[in-house]
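Peer 1: kindly generate the corresponding structure for this input.
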Amino acid sequence: MIFIRYLKRRLRSLHTIFLLVLFLYVLNSNAQQVTSNNINIDSLSISYEKGMRYLRSDPEKAELEFKNLLQLAIDKNNFFWQGKSLFQLSKVSRLKGGEDNFKEAILYGKLALSNFKKSGDSLEVFNCLVNISGVYITHQRAEEALQSALKGEKMISFLNDKLPVNDRGKFYGNLGLIYNELDLPEKSMQYNYKALEYFKEAKNENAQYKIFNNMGKLYSRIKKFEKSLEYFELSYIGFKKLESTRNLIMTATNLGSVAIKIDSLDLAKGYLREAITAGKNYKYPNATVSANLFMGRAFYKEHVLDSAQYYLDRTLRIADSIGRLDRKIDAFILKQKIAEERGDFQEAHTYTKKINKLSISIDSLNNKNKAVRILLDTQKETENSKKTKLFYILTSIVLLFLSFIYILYRKKQNRLVKSNNHLQCEVKSTTEEKDKLYRRMVSLTALNASTQKSFEQINHILDDIKSKISDTSTSISVDVQNAKNIIKDQIKLDKQWDAFFLHFEEVHPSFLKFLNKKYNLSATDLKVCACMKINLSNYEISEILGINQNSVYVITHRLKKKLQLPDNTTINQFLSSI
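Peer 2: Numbers count the residues shown, from 1 in each chain. Here you go, the predicted structure:
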């Protein structure tokens, strides 16, 4: 026994030690997992920061870092970081420019959007939609840009306070650009001013200067060139202060373009040289291709044709490298004009052929894009029509169900109404019967009281006669005569009938007056009518009047003639109708 107890204690202590060891093991494994997760997140974050540092200075290195980040995120199955890397790859492709890079930017943007939706980050979904619309607007695809932007606009009210002020500004600035491309200057102005307010609140100077640049484009589009120059110069000064090279190239190119339009060619060449030099040093071909084209245009306006030819050749080389067919066409048009001015019509004809060929390529590309857009629109319409049909089917089912419920409700209501009407009729008939009984009771009570009073008075008279007869006074005959007089005076039952009629009139007002006035009935007739009104039988009437039943029958027969009643109408029916 002692050994068993000892063994039990040992087993309990071993069990406790085992549980303690197991707990420490689980705690340690969780700590290691948390540490490894933190290390993984830190490694992803570090890779992202490296890519962001290279984004402005060296887009190619930035692209490499973001691709490495994407691979890491895929290995870790982290949708958020996959989305972040794809989002930045879209931005890099957008910076590089060209048709191929544009397609890449859109593809990366859409993949990023899908991953952010999977991660459930609504703010990043919004930013991704803004970026996609920005890519479309950079390549003059205003309609697609607007579709993407409008999706983002629907999310603003949903995000509410979660959306930073700076991101709101970016969104409205983007909308301003889109409406500018769609030739809606007033709406574009409205959104640009709205974006400017948000950027001022966020103290984002870089974004404010971008809005100034957009305003310059807007005023240039509506041919208010002086106002356009004013805004471009504000943007130019700001970007120079911030040393934002890419944005400086863009604004300087825009300034040069507007200066050419107002024939300030020296001013235009100064800004364009700065843009070309900065673009060459920082490898921004998409920005410098326009600067070279406008420089060629400036020299052409000055009739310095060799210099114009030089910059146009540079434009063609850069446009070829980034696939900008629109800039190639602009360059060939100017080269054609130069060839014509020099009298080289054969070369001019060659350029015309190239222009036509490129125009066909652009048209086919546009048609292809248009076909894709039509296909997408058709798919959307099909989906919408399916949704609409489903909506109508569901609505019809709901309406049918509600109609069925309503019919059941109406049937129930009708049954309740019928039941209620039946009850009301029963109550009414009961009330009427009760009223009749009450009236008869009152009349009988009055008649009974009058009759009882008559009997009491008669008894009193008889007692008085008895006493007088028993009196032994001298002249009995005289007393007898006096008694006869007393009886004659007292037995006047008409007074009791007057009392009865008084009570009767309370229950049936004007009944007796009506009969007496119209038919001139006797007192006995009126008494019989009153008794019949309260539904007394012939026997009861004969007892009250002190006559036999045959006499009552004779009285009623005569009464019917006096009342001039037809054969098919009884006296009771006639009296009950009064």
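Peer 1: quick one: low-confidence ranges for the stretch 401-550 of the chain?
Peer 2: 431, 433-494 (pLDDT under 70).
Peer 1: tell me the helix or strand right after the lowest-mean-pLDDT helix or strand in the chain.
Peer 2: Every helix and strand in the chain was compared by mean pLDDT, DSSP states H and E; the lowest is helix 476-490, with a mean of 55. Using DSSP states H and E, the helix or strand that directly follows helix 476-490 along the chain is helix 494-507.
Peer 1: after that next one, next one along is what?
Peer 2: Toward the C-terminus from helix 494-507 - assigned by DSSP H and E - lies helix 511-519.
Peer 1: so which elements touch that following helix?
Peer 2: Here helix 511-519 touches helix 494-507, helix 523-533, going by 3 or more C-beta pairs under 8 Å, 6 or more residues apart in numbering; DSSP states H and E. Placement of C-beta: from N, CA and C, glycine included.
Peer 1: same thing but 10 Å
Peer 2: When contacts are defined as 3 or more C-beta pairs under 10 Å, 6 or more residues apart in numbering; DSSP states H and E, helix 511-519 packs onto helix 494-507, helix 523-533, helix 549-562.
Peer 1: the last one packs against which elements?
Peer 2: Judged by 3+ C-beta pairs under 10 Å, 6+ apart, the packing partners of helix 549-562 are helix 511-519, helix 523-533, helix 538-545, helix 571-577.
Peer 1: show me what counts as buried in the longest one.
Peer 2: Put plainly, it is helix 523-533. 525-533 (16 or more other C-beta atoms under 10 Å).
Peer 1: with stretch 102-115 instead?
Peer 2: For stretch 102-115, by 16+ other C-beta under 10 Å, it's 102, 104-106, 108-109, 111-115.
Peer 1: could you list which of the residues you listed belong to helices?
Peer 2: Residues from these lying in helices, with DSSP state H as the criterion: 102, 104-106, 108-109, 111-115.
Peer 1: OK, contacts around the closest residue to residue 140 other than its chain neighbours?
Peer 2: Using C-beta to C-beta, 6 or more residues apart in numbering and skipping residues adjacent in sequence, the residue nearest residue 140 is residue 181, 6.5 Å away. Residues counted as contacts of residue 181 (C-beta atoms under 10 Å, 6 or more residues apart in numbering) are 136-137, 140-143, 145-146, 188, 217, 221.
Peer 1: try it again at 7 Å.
Peer 2: 137, 140, 142 (C-beta atoms under 7 Å, 6 or more residues apart in numbering).
Peer 1: what's the neighbour count on residue 264?
Peer 2: 18 (other C-beta atoms under 10 Å).
Peer 1: could you report the pLDDT at it?
Peer 2: You'll see residue 264 listed with a pLDDT of 91.
Peer 1: same question, residue 241
Peer 2: 91.
Peer 1: in which helix or strand does it reside?
Peer 2: Using DSSP H and E, residue 241 sits within helix 225-242.
Peer 1: buried residues, that helix. List them.
Peer 2: 225, 227-229, 231-236, 238-240.
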